[in-house]
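K.L.:
for reference, the sequence and a predicted model appear below.
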Amino acid sequence: MVNKSVLSVRNLSKVYKGVGHEVQALKDVSFELYEGELIAIMGTSGSGKSTLLNVLAALDEPDKGEIQLYGQKQTEMFTEPNATHYRRDKIGFIFQAFHLLKDLTVEENIALPLILKGEKKSYIDEKVDEMLQFVGLLGWRKQRPVQLSGGQQQRVAIGRALITAPPIVLADELTGNLDYNTSNEILQVLVKMKETLNQAIIVVTHDPHVAAFADRVLFFHDGQIVNEYDCSGNQAMDDILENFGKLLEFKV
Ligand SMILES: Nc1ncnc2c1ncn2[C@@H]1O[C@H](COP(=O)(O)OP(=O)(O)O)[C@@H](O)[C@H]1O
Ligand SMILES: [Mg+2]
């Protein structure tokens, strides 16, 4: 099977300028993301992981470099209204802090992207039912976020990010606030979704158990990709974790 490239990231660089100092958050970052692929990004705090996701979601503009979507160079993706259209049509973004709207119910939170797209009510109802089933929250549809556990809230956030079936899903520390079992459950939802929709997913994580779910892991340090590890095939979890340990050792 030859997988299509969804994103080609070429030599991305980004500098944040402060008063009297600057931080090079990304230095010449290049990689390919394929359809049906789950990439995990690991690395020390401040190594540029969130900056990369923000750039890929057109929330932040790089200083240099190029992004291709399905082999097409995206020259104006950071200019409005292109950035908004790109985010709405191509990207599902899942944050560590859920970012749910507290006054809306579970089903209203999940429906939001379709409402904003101006879809018909009958279509929205059908999609929301499907999604509630998918993330296991059918019995919770009328609840508000505050009535839910952390894992349930993150499942609402996943439902909302994926309701439009975006081809690219970006998740920044999506299990960062969750315990081990709940993280596992969330990852199963994401992997099941990827297998159903053949999406391309990037997950930033500090948790090696989460990264071990990925097909490929990119290790970041000081704004650069310093290592890459292929987790596909039938490797035992313990072997993968041991190899991660070695790859992470260069850090102090
Ligand atoms: N909006 C910003 N303004 C200035 N500096 C920033 C901003 N966002 C991130 N940085 C800096 O860029 C570097 C990379 O940050 P970030 O991408 O958030 O790293 P990570 O997600 O890997 O922890 C850090 O040194 C951080 O302090
Ligand atoms: Mg971060």
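P.N.:
Received the coordinates, thanks. Ligands and ions are numbered 1, 2, ... in the order given.

K.L.:
surely residue 58 is in contact with residue 85?
P.N.:
No. Applying Cβ atoms under 8 Å as the test, residue 58 and residue 85 come out as separate, 9.3 Å apart. Where you see a C-beta, it was placed from the backbone N, CA and C, and this is true even at glycine.

K.L.:
which of the two has more residues huddled nearby?
P.N.:
residue 58 (21 against 12; other Cβ atoms under 10 Å).

K.L.:
for this protein, what lies in contact range of ligand 2?
P.N.:
Proximity of the chain to ligand 2 is confined to 49-50 under the rule Cβ under 5 Å from the ion.

K.L.:
ok, longest helix in the chain?
P.N.:
For the chain, the longest helix by residue count, based on DSSP state H, is helix 180-197.

K.L.:
quick one: list the elements packing against that one.
P.N.:
On a contact count with 3 or more Cβ pairs under 8 Å, 6 or more residues apart in numbering; DSSP states H and E, helix 180-197 meets strand 38-43, helix 121-134, helix 150-162, strand 168-172, strand 200-204, helix 208-211.

K.L.:
those: lowest mean pLDDT?
P.N.:
Mean pLDDT per stretch puts helix 208-211 lowest among the helices and strands packed on helix 180-197, at a mean of 88.

K.L.:
tell me what that helix is packed against?
P.N.:
Identification of packing neighbours for helix 208-211 by 3+ Cβ pairs under 8 Å, 6+ apart yields strand 38-43, helix 180-197, helix 237-248.

K.L.:
so where's this protein uncertain?
P.N.:
Counting by pLDDT under 70, the chain contains low-confidence ranges at 1-2, 249-252.

K.L.:
ignoring the adjacent residues along the chain, who's closest to residue 212?
P.N.:
In this structure, residue 212 finds its nearest non-sequential neighbour in residue 240, 4.7 Å apart by Cβ to Cβ, 6 or more residues apart in numbering.

K.L.:
got it, and residue 119?
P.N.:
Among residues not flanking residue 119 along the chain, residue 127 sits closest, at 7.9 Å (Cβ to Cβ, 6+ apart).

K.L.:
wait, doesn't that neighbour sit right on residue 163?
P.N.:
Yes. When contacts are counted by Cβ under 8 Å, residue 127 is listed as touching residue 163 (5.9 Å).

K.L.:
which neighbours do those two share?
P.N.:
Taking Cβ atoms under 8 Å, 6 or more residues apart in numbering as the criterion, residue 127 and residue 163 both touch 111, 114.

K.L.:
more crowded one of the two?
P.N.:
Regarding residue 127 and residue 163, a neighbour count based on other Cβ under 10 Å identifies residue 163 as having more, with 23 against 19.

K.L.:
mind checking how far that one is from residue 225?
P.N.:
31 Å (Cβ to Cβ, to the nearest Å).

K.L.:
which ones are touching the nearest residue to residue 171 once chain neighbours are set aside?
P.N.:
The shortest distance from residue 171 to any non-neighbouring residue, by Cβ to Cβ, 6+ apart, is to residue 94 (4.1 Å). Shown in contact with residue 94 (Cβ under 8 Å, 6+ apart): 154, 157-158, 161, 169-172, 174.

K.L.:
now residue 97
P.N.:
By Cβ under 8 Å, 6+ apart, the contact set of residue 97 is residue 177.

K.L.:
right, I'll leave it there.
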